[in-house]
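Trainee: could you work out the structure for the sequence below:
(one chain, ligands or ions: 2)
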Amino acid sequence: MSKVAKCLSYVLPVLLLAVLISSYVAYIHTYCAKFLKKEPVLTVVLLVVLNILFLMLVWALLTTVSARPKLVPEKYKVKKEDFEAYLKCAETEAQKKFLSNLADRMGLVLDQRSSFGMLRFCSICLQFKPDRAHHCSHCGVCLLKMDHHCPWIANCVGLHNQKAFILTVLYTVLYCSFYVGTTMPFILAYFNGHTDFTTVPIMVGFAIAGLLGTMAAIFYLYHCSLVFRNETTLEEMQRKVLFIQTSRTYNLGFRKNFIQVFGRKWYKWFLPIYTSEGDGCTWETKESRSSSRQATEPNRHNP
Ligand SMILES: [Zn+2]
Ligand SMILES: [Zn+2]
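Mentor: Ligands and ions are numbered 1, 2, ... in the order given. This next block holds a predicted model:
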């Protein structure tokens, strides 16, 4: 990506941050300082909640934007001469066989396949793609457990920031709900003619929070459903081509799927710090889990 394109990609996250900061200032400067000035206790309570939600949201957003993608380890890289030999394979079947033999020689264990049934290979980065890894054309790299590229954060969502991304969306929903809920009495009073206090910033903040909060809520529910199914957005779109046996799934159950993204320590679940589990290259599937369990279970008939 050129430097200009890189700078332009930050327009949306900066705009988002500017909208959030403007709404925050409008709330404090006009709503709390003017409309609620005769109710100091209520104002303090509202300000405490507002500041907690705002700080968590900005922390999560900045973490999501600044997180560096987790890249594919060196052992997946292919030597130049092997790549040249791969290019000489004229037919799909020959390419398929070549990649399979090459992965065996390199000692790689890969479950997922491309739509042609081939091992997934990135001819830009010259490497095999570990399961759940994809190449992002915006970022120009293959990254582990890629979910999607999000222009609002000028970054990919993947193993490196999936938790922070979901928390960003969650805190957006909470912040916007708080904003709409607490300014609603003023909006109603204004439209019912019970107050002559008018302020454009709060009106605009209310409208933006309502719109942003609704969109974020839909997005949040969708991403929660992905976490609990242990699927990425890309996997959901390509479900039928990722595994040779389409019944294979990373869905290990509600609890284990959640822990894989959010970690085991409950007090870190709401903090945008990295607590996801796994190396990002090898992933347990429901089938591998049940077969390993069968292998370790004692045989009751022959103890
Ligand atoms: Zn790549
Ligand atoms: Zn990307």
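Trainee: contacting residues for the residue nearest to residue 68 when sequence neighbours are not counted?
Mentor: Once flanking residues are discounted, residue 68 sits nearest to residue 160: 6.3 Å by CB to CB, 6 or more residues apart in numbering. From N, CA and C alone the C-beta is placed, and that goes for glycine too. By CB atoms under 8 Å, 6 or more residues apart in numbering, residue 160 lies in contact with 67-70, 143-144, 274.
Trainee: could you pull out the helices for the stretch 51-200 of the chain?
Mentor: Assigned by DSSP state H, counting those that start in this stretch, the helices in the stretch 51-200 of the chain fall at 80-87, 92-105, 162-191, 200-229.
Trainee: per-residue confidence averaged over the first one?
Mentor: Model confidence over helix 80-87, given as mean pLDDT, is 91.
Trainee: list the buried residues in that helix.
Mentor: 82, 86 (16 or more other CB atoms under 10 Å).
Trainee: what does it contact?
Mentor: By CB under 8 Å, 6+ apart, the residues outside helix 80-87 that reach it are 78, 95, 98-99, 102, 121, 123, 126.
Trainee: show the buried residues in the residues you listed.
Mentor: Listed as buried from the contacts of helix 80-87 are 78, 95, 98-99, 102, 121, 126; burial here means 16+ other CB under 10 Å.
Trainee: of these, which is the nearest to ligand 1?
Mentor: residue 126 (8.2 Å; CB to the ion).
Trainee: so who does the closest one touch?
Mentor: Residues in contact with residue 126 (CB under 8 Å, 6+ apart) are 77-78, 80, 83.
Trainee: can you put those in JSON lines and add distance to residue 184?
Mentor: Formatted as JSON lines, the contacts of residue 126 follow (distance: CB to CB, whole Å):
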{"residue": "77", "distance to residue 184": "56"}
{"residue": "78", "distance to residue 184": "59"}
{"residue": "80", "distance to residue 184": "64"}
{"residue": "83", "distance to residue 184": "61"}
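Trainee: from these, pick the one nearest residue 256.
Mentor: Lowest distance from residue 256 to those (CB to CB) belongs to residue 77, with 31.0 Å.
Trainee: quick check: nearest residue in space to the closest one, chain neighbours excluded?
Mentor: residue 127 (4.6 Å).
Trainee: out of the helices of the stretch 51-200 of the chain, flag the one nearest ligand 1.
Mentor: Going by CB to the ion, the one of the helices of the stretch 51-200 of the chain nearest ligand 1 is helix 80-87, 12.7 Å.
Trainee: quick one: check the closest one for contact with ligand 1.
Mentor: No - taking CB under 5 Å from the ion as the criterion, helix 80-87 and ligand 1 are apart, separated by no less than 12.7 Å.
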